[in-house]
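**Q** Sequence first, then the predicted structure, then my questions.
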Amino acid sequence: MTKIMITTGPFVFEARLETALAPLTCAAFVKVLPFVTELMHVKWSGECVWAPLGDMDFGVGYENPTSHPTPGQLILYPGGLSETELMLAYGAAHFLSKVGPLAGNHFITLTSGLENLAALGDLAMRKGAQATWFALAQ
């Protein structure tokens, strides 16, 4: 099992890559590690933080897609109807955009730090985008 460390704002989360469920998405993401971005509070999708990635192309289509990630699930929307983006649910979520409902590839699940998810969401909502770093765990 490949493990990922995610540092965002003052929080550190351990996670696993869902290689059995989304092997192509996981492989594409590992190729860009370490990955630096910012997570901000979502506009339409509920209790989530997201990273808009514009026209970044991971070279994957739909794989293990969901429109309702549960707390601690990270999804990648590979682009198409809307821009490419990452979204991490911290509570009730329904993946939406200005063009309507979307589905993203669930490819990472947090395994530690879940007790800090709501605080991350609150911080992003009140203070804005949080610097975020994804790396393979040592």
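**A** Yep, it's here.

**Q** Could you tell me how far the lowest-mean-pLDDT helix or strand in the chain lies from the centre of the chain?
**A** Taking mean pLDDT, DSSP states H and E as the measure, strand 96-97 is the helix or strand of the chain with the lowest mean score, a mean of 88. How far strand 96-97 lies from its chain's middle: 14 Å, per C-alpha atoms, centre = their mean, to the nearest Å.

**Q** neighbouring strands for that strand, and are they parallel or not?
**A** Take DSSP bridges as the rule and strand 96-97 pairs in its sheet with strand 100-101 (antiparallel).

**Q** Output the below-cut-off pLDDT ranges for this protein.
**A** The model of the chain has no residue with pLDDT under 70.

**Q** same thing but at 80, please
**A** For the chain, the stretches with pLDDT under 80 are 1, 138.

**Q** By residue count, what's the longest helix in it?
**A** As assigned by DSSP state H, the longest helix anywhere in the chain is helix 117-127.

**Q** which outside residues touch it?
**A** When contacts are defined by C-beta atoms under 8 Å, 6 or more residues apart in numbering, helix 117-127 is touched by residues 8-11, 39-41, 47-49, 71-72, 88, 90-91, 110, 130. In short, each C-beta sits where N, CA and C put it, glycine included.

**Q** Tell me the first helix or strand C-terminal of it.
**A** strand 130-136 (DSSP states H and E).

**Q** in that following strand, what counts as buried?
**A** Along strand 130-136, the positions that meet the burial threshold by neighbour count (16 or more other C-beta atoms under 10 Å) are 130, 132, 134.

**Q** So the last one is in contact with residue 3, correct?
**A** No. Under the criterion of C-beta atoms under 8 Å, residue 134 makes no contact with residue 3, lying 11.4 Å away.
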